[in-house]
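Colleague: Following is a predicted model, sequence given first.
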Amino acid sequence: MAGQEFAVSLKDGSERRYQSGTSYLEIAQDISQGLAREAVAAKVNGKVVDLSSVIEGNVSLEILTLKDEEGVDVMRHTCAHVMAQAVSRVFPGTKFAIGPVIENGFYYDFADHVFTPEDLPKIEEEMKKIVKADYPIVRKVLSRDGATQFFREREDRFKVEIIEDLPESETLTTYSQGEFVDLCRGPHLPSTGRIKVFKLMSIAGAYWRGDSSREMLTRIYAVAFAKKAELDEHLRILEEAKERDHRRLGKELGIFMLSKEVGQGLPLWLPNGARIRRTIERYIVDLEESLGYQHVYTPHMASVELYKISGHWQHYHEDMYPPMQMDNEELVLRPMNCPHHMMIFKSSMHSYRDLPLRVAELGMMHRHEMSGALAGLQRVRMMTLNDAHIFCRPDQIQSEFTRVVKLIEHVYKDFGLKEFYYRLSYRDPANKEKYVQNDEMWETAQAMLKQAMDDLGLPYVEAPGEAAFYGPKLDVQVKTALGRDETLSTIQIDFHLPNQFELEYIGEDGKGHRPVVIHRGVVGTMERFVALLLEQYKGAFPAWLAPVQARVATVAKEYEEYAHRVAQFLRDMGLRAEVDDRSEKIGYKIREAQVQKVPYTLVVGEKETHGGTVSVRRYAQGDLGAFTLEEFAARLKQEVDDKELLVEA
RNA sequence: GCCACCUUGGCUCAGGGGUAGAGCAGCUCACUCGUAAUGAGCAGGUCCCCGGUUCGAAUCCGGGAGGUGGCUCCA
């Protein structure tokens, strides 16, 4: 076939012809020397390959540079190899596991050497030398036996295991640069000198193959970019994220505290946090009641027998606080209140006409989360769930699901949450036996959820295999300030609990039928939600949520009485106001109010006392000038009623 | 739970084998003040805990606890 010509269509629509065996680098050179200099990889028929690969058919070709995100990812991958090479030089004997590309950078997992933070600059130094040396990167195809033997001799146990687990059909390749060889699928840069800027960020532990029963490796995280400005920007964003960290803001603003004397993961809500929480609780309970939910209270404890019926005990008892034995009962702190709500449903007869029945509760749960997972209010051992269980007929699943999605949209809008996405989780079609056995229920329920989302016109990602064992679900994923994805809201269809509790309603036919249960959380837990809001607002809560909505600051002692009259006037209208009458300069009081992110500071001095006015200063906007007390009160009241979000000036 | 790192006054942090330092906050006094820090003074610490090494440990070593970054988990 040598000598055959192939057609290459380029991004701009033009077409060129090249001899079989021509490399993509040569093609790049043919297009322009400038492009060849910048080229880092080739995208052939949509697949990213090495520039050294050769043409073997008619293709569509795009030469990737560091202007392309995919090109940058190739550089990041090569950078991971360079880091491994540097480690092998600085710490001989270190073994290599895997080193993939991640968002903004890469990591590499190592074994047989324990790294400390002081090692990072040494490794970076060596990496710079490797980049400067500009080693050509060479790809080599190996036979299975050859590859196994090669890595056995080097006692690279992880690489050997990877090879053994790869399917027979996989072509095994190594990439080498200088003295360093790594098993890798590629693609890579043509040489190490093409790497631009990188920075080693942190050291972490990670289980080999993500399996907690296996060896713990040392992972080094790093970032890499095409330009120094991008690295600087990335570091700036990280710095900014630290300022939004809810743990820091929570302390500064008196929202919550944690102490080992109280116990790990058991937060105390301080007055400011409690006010915010109470406002949210009133809001969500009122909203849910208006939508036909019935709020209940149920105990924090239950007999372990209840959780045996629900199945929680069998599945989760390791994460539950152990039973307390008293009299003839064994009690556990509840990790979930679903069983309690099942019992409420069961306590009376239900006609099909009564459904859907929506039982809701702001219930406290206790779960023994692993100590390493605890984090401020984001992950705690006692949490308050905004929980509800909807008991409905199978034909009502779609309409009830739609109602909940609309509720979620409504709540997110009120809180100004915009960075989120929907994830629709189905059962894994290849492993149906892992789930509750009821094919028809699964198929129709999954179709109903999808149809509901399509009817609502909302975008979502589908996640086959992510469903709970008892039914499909929709999760709403949000991003925290530090970039982690977490689930805020969830709607879960449950075919299991109604069976466990033998729930029934009387149908039109006069016979008993099994209802479906929909679990749903909108604001998730109060703890996590407030943590999220702290980060979202950088601690500057909109007036309707702020612990103190207006602080009246006196210019001097003689205006104290008027200041207190102003505050009382506002409080009488249901607004949260307080007076700062300390003997400090007005500048000091204003600064403190701003630092504490109080929405309104009302300055009162001689002018205001005589005119019955207040000088209004809005957080993040500055001095708004004088208002009569009534004008200001009406304005603030309106803002609170409208749940107006704070707009930065 | 696992790996690494961190832990010094209420908070943020400096220091570091010879029994401790700053700023802020607190308290007292003076100032009575107009839109992001008035000044002076005072008080405040088992340097996380328990062992060990040493003439001597906050400092070095070991163990524990809590926190942080990850991993795993997340009904």
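Modeller: Done, it's in. Residues are numbered from 1 along each chain as shown, chains lettered A, B, ... in the order given.

Colleague: and the strand or helix carrying A:Arg571, how far out from the chain's middle?
Modeller: If you go by DSSP states H and E, A:Arg571 is part of helix A:560-572. Distance of helix A:560-572 from the chain centroid (CA atoms, centre = their mean, to the nearest Å) equals 43 Å.

Colleague: need the next SSE after that helix, C-terminal direction.
Modeller: Downstream of helix A:560-572, the first helix or strand assigned by DSSP H and E is strand A:577-580.

Colleague: in its sheet, what does that following strand sit against?
Modeller: Next to strand A:577-580 in the sheet, as set by DSSP bridges, lie strand A:550-554 (parallel).

Colleague: so the partner strand versus helix A:560-572, what angle?
Modeller: Interaxial angle of strand A:550-554 relative to helix A:560-572 (axes from the mean of the first three to the mean of the last three CA atoms, to 10 degrees): 170 degrees.

Colleague: Is strand A:550-554 in proximity to RNA strand B?
Modeller: No. Against RNA strand B, strand A:550-554 shows no contacts by CB under 7 Å from any atom of the strand, the least distance being 7.9 Å. In short, each C-beta sits where N, CA and C put it, glycine included.

Colleague: any idea of the mean pLDDT in that strand?
Modeller: Averaging pLDDT along strand A:550-554 yields 96.

Colleague: what mean pLDDT does the helix holding A:Arg571 have?
Modeller: For helix A:560-572, mean pLDDT rounds to 96.

Colleague: got the buried residues for that helix?
Modeller: Neighbour-count burial for helix A:560-572, counted by 16 or more other CB atoms under 10 Å, picks out A:Tyr562, A:Ala563, A:His564, A:Arg565, A:Val566, A:Ala567, A:Phe569, A:Leu570.

Colleague: What of stretch A:629-646?
Modeller: Those would be A:Leu629, A:Phe632, A:Ala633, A:Leu636, A:Lys637, A:Glu639, A:Val640, A:Leu645, A:Leu646, for stretch A:629-646 by 16+ other CB under 10 Å.

Colleague: and the stretch 251-400 of chain A, which of its residues are near RNA strand B?
Modeller: Within the stretch 251-400 of chain A, the residues that sit near RNA strand B (CB under 7 Å from any atom of the strand) are A:251, A:258, A:260, A:264-265, A:312, A:315-316, A:319-320, A:335-336, A:338, A:367, A:369-376.

Colleague: Would you double-check that A:Leu61 falls in a strand?
Modeller: Yes. If the criterion is DSSP: H, G, I helix; E, B strand; the rest coil, then A:Leu61 is within a strand.

Colleague: With adjacent residues omitted, what lies nearest to it?
Modeller: Sequence neighbours aside, A:Val8 is the residue nearest to A:Leu61 in space, at 5.0 Å (criterion: CB to CB, 6 or more residues apart in numbering).

Colleague: and A:Thr173, helix, strand or coil?
Modeller: strand.

Colleague: Dihedrals phi and psi, A:Lys228?
Modeller: Main-chain dihedrals, A:Lys228, degrees, to the nearest 10: phi -60, psi -40.

Colleague: ok, so what distance separates whatever residue of the stretch 301-450 of chain A ends up closest to RNA strand B from A:Gln264?
Modeller: At 2.1 Å from RNA strand B, A:Gly372 is the closest residue in the stretch 301-450 of chain A, using CB to the nearest atom of the strand. To A:Gln264, A:Gly372 is 11 Å away according to CB to CB, to the nearest Å.

Colleague: For those two, work out which one has more neighbours and name it.
Modeller: Using other CB atoms under 10 Å as the criterion, A:Gly372 and A:Gln264 rank with A:Gln264 on top: 13 against 8.

Colleague: what's near enough to touch the more buried one?
Modeller: A:Leu258, A:Ser371, A:Leu374, A:Arg381 (CB atoms under 8 Å, 6 or more residues apart in numbering).

Colleague: Wait, a helix at it?
Modeller: No. Under three-state DSSP, A:Gln264 sits outside any helix and is assigned coil.

Colleague: And the helices in the stretch 351-500 of chain A?
Modeller: Using DSSP state H, counting those that start in this stretch, the helices of the stretch 351-500 of chain A run over A:397-415, A:439-456, A:497-500.

Colleague: can I get those helices in a markdown table with distance to A:Leu474 and mean pLDDT?
Modeller: Listed next are the helices of the stretch 351-500 of chain A as a markdown table, based on distance: least, CB to CB, whole Å; pLDDT from 0 to 100:
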| stretch | distance to A:Leu474 | mean pLDDT |
| --- | --- | --- |
| helix A:397-415 | 7 | 96 |
| helix A:439-456 | 6 | 93 |
| helix A:497-500 | 18 | 94 |
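
Colleague: Make CSV from the ones you listed and add distance to A:Arg528 and mean neighbour count to it.
Modeller: CSV is the format used below for these (distance: least, CB to CB, whole Å; neighbours: other CB atoms under 10 Å):
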stretch, distance to A:Arg528, mean neighbour count
helix A:397-415, 13, 19
helix A:439-456, 24, 17
helix A:497-500, 24, 20
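
Colleague: Next one: the residue nearest in space to the middle of chain A from A:Val461, what distance?
Modeller: With distances taken as CA atoms, centre = their mean, the residue of chain A nearest its centroid is A:Asp485 (1.2 Å). In this view, A:Asp485 and A:Val461 are 12 Å apart by CB to CB.

Colleague: Report the buried residues of the top helix by length along chain A.
Modeller: In chain A, with assignment by DSSP state H, the single longest helix is helix A:69-90. Judged by neighbour count using 16+ other CB under 10 Å, the buried positions of helix A:69-90 are A:71-89.

Colleague: Report the separation between A:Val598 and A:Gly611.
Modeller: A:Val598 is 23 Å from A:Gly611, where distance means CB to CB.

Colleague: Let me fix that, I meant to ask about A:Glu5.
Modeller: 90 Å.

Colleague: so A:Leu374 sits right up against A:Arg381, yeah?
Modeller: Yes. With contact defined as CB atoms under 8 Å, A:Leu374 counts as touching A:Arg381 (7.2 Å).

Colleague: anything in contact with each of those two?
Modeller: A:Gln264, A:Gly265.

Colleague: from the middle of its chain, how far away would whatever helix or strand the residue nearest to A:Leu61 lives in be?
Modeller: Assigned by DSSP H and E, A:Val8 belongs to strand A:5-10. Between the centre of strand A:5-10 and the centre of its chain there are 44 Å (CA atoms, centre = their mean).

Colleague: contact partners of that strand?
Modeller: A:15-20, A:27, A:31, A:55-62.

Colleague: which of the residues you listed count as buried?
Modeller: By 16+ other CB under 10 Å, those give A:Tyr18, A:Ile27, A:Ile31, A:Ile55, A:Val59, A:Leu61, A:Glu62 as buried.

Colleague: So is the helix or strand where A:Val640 lies next to RNA strand B?
Modeller: A:Val640 belongs to helix A:629-641 when assigned by DSSP H and E. No. Helix A:629-641 stays out of contact with RNA strand B when judged by CB under 7 Å from any atom of the strand, the minimum separation being 12.0 Å.

Colleague: circling back to that earlier point, distance to RNA strand B for the buried residues of helix A:560-572 - can I get that in a markdown table?
Modeller: Listed next are the buried residues of helix A:560-572 as a markdown table, based on distance: CB to the nearest atom of the strand, whole Å:
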| residue | distance to RNA strand B |
| --- | --- |
| A:Tyr562 | 10 |
| A:Ala563 | 12 |
| A:His564 | 15 |
| A:Arg565 | 16 |
| A:Val566 | 12 |
| A:Ala567 | 16 |
| A:Phe569 | 18 |
| A:Leu570 | 17 |
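
Colleague: okay, those residues in CSV with distance to A:Arg423 next?
Modeller: Shown next, in CSV, are the buried residues of helix A:560-572 (distance: CB to CB, whole Å):
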residue, distance to A:Arg423
A:Tyr562, 55
A:Ala563, 51
A:His564, 52
A:Arg565, 53
A:Val566, 49
A:Ala567, 47
A:Phe569, 48
A:Leu570, 43
